[in-house]
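> Kindly generate the corresponding structure for this input.
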Amino acid sequence: MIKAIIFDYGNVISALDNNIFLDRIAECTDKTATELHDLIYVKSGLPALYETGLITSDEFFLRTKELCSLDISRTDFIRAFTGIFTPIESTLDLIEKLKPDFKLGLLSNTNEWDYTYEIEKIRVFDLFDTVTVSYRIKAMKPDKKIYVDALNKLDLKPDECIYIDDIREYTDAAGSVGITGIHYTDHNSLIESLIRVGCNI
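Predicted coordinates:
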């Protein structure tokens, strides 16, 4: 029997677009958004270090600023970095609908600033019974550690839980610890999948 539904954040609860961040900081350097993408997301490894909690927010800011030759304040950088999300209203409504009948968990690869300035402020945040975020537990999906952390906090068996993510590799990793994974592509498909695995919605 399914007792809990665990949600990923990015592109499940809120759509995200890193190009918004890149376009904004491109105004503060002589580098193009494409060059900035390669420096930050391909070559530096800084986002992964930040999301795994291996560097602090200030270290991420200062190292990115130096790497990209940015003329930008810390405040403006935070605003650009965290201003990439658009809530997916159909998912928010679904979470509210599920709350009376299921435990709800949040499980996300994320960093301190996105968590503080975005995730905690989403209107459904208080509906989650548990929160597992990568930068706090020093592990990122698809590491099994992050799924085990979510299970321990929910105090449930793996086969009592569903995990929803837009990246199939991550739902497969949830499956490897016994959690039923649902690959999110769109709202209607999500509802069909939840019904198919036994959720009475």
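
> Mind checking what secondary structure the residue lying farthest from the centre of the chain has?
Residue farthest from the centre of the chain, counting by Cα atoms, centre = their mean, is Asp30 at 30.4 Å. Three-state call for Asp30 (DSSP: H, G, I helix; E, B strand; the rest coil): coil.

> With Thr86 instead?
strand.

> If you drop the residues flanking it in sequence, what lies closest to it?
Closest residue to Thr86 apart from its sequence neighbours, by Cβ to Cβ, 6 or more residues apart in numbering: Ala15 at 4.6 Å. All C-beta atoms are positioned from the backbone trio N, CA, C, and that covers glycine.

> where do the strands sit along this protein?
Under the criterion DSSP state E, the chain carries strands at the ranges 4-7, 14-16, 85-87, 103-108, 130-133, 161-165, 180-183.

> between the ones you listed, which one is nearest to Phe60?
Among the strands of the chain, the nearest to Phe60 by Cβ to Cβ is strand 130-133 (15.3 Å).

> quick one: contacts of that closest one?
Residues outside strand 130-133 that contact it (Cβ atoms under 8 Å, 6 or more residues apart in numbering): 103-110, 115, 119, 146, 149-150, 153-154.

> picking that back up, nearest to Leu39, of the strands of the chain?
strand 14-16 (19.3 Å).

> Which elements pack onto that closest one?
Strand 14-16 is packed against strand 85-87, with contacts defined by 3 or more Cβ pairs under 8 Å, 6 or more residues apart in numbering; DSSP states H and E.

> Okay, buried residues for the strand it packs on please.
Across strand 85-87, burial judged by 16 or more other Cβ atoms under 10 Å covers Phe85.

> next one: stretch 85-99
The neighbour-count check on stretch 85-99 (16+ other Cβ under 10 Å) flags Phe85, Ile88, Thr91, Leu92, Leu94, Ile95, Leu98, Lys99 as buried.

> cool, stretch 64-79 as well?
Thr64, Lys65, Cys68, Leu70, Ile72, Phe77, Ile78.

> same check, this time on stretch 136-148
Ile137, Ala139, Met140, Lys141, Pro142, Asp143, Ile146, Tyr147, Val148.

> Ala174 reaches Arg168, doesn't it?
No: contact criterion Cβ atoms under 8 Å: Ala174 and Arg168 do not qualify, at 10.5 Å.

> What about Leu62, how many residues nearby?
14 (other Cβ atoms under 10 Å).

> show me where pLDDT drops low in the protein?
Judged by pLDDT under 70, the chain has no weakly predicted residues.

> Show me the domain layout of the protein.
4-15+87-196, 18-82 (automatic domain parsing).

> Just say which of those is most tucked in.
domain 4-15+87-196 (a mean of 18; mean count of other Cβ atoms under 10 Å).
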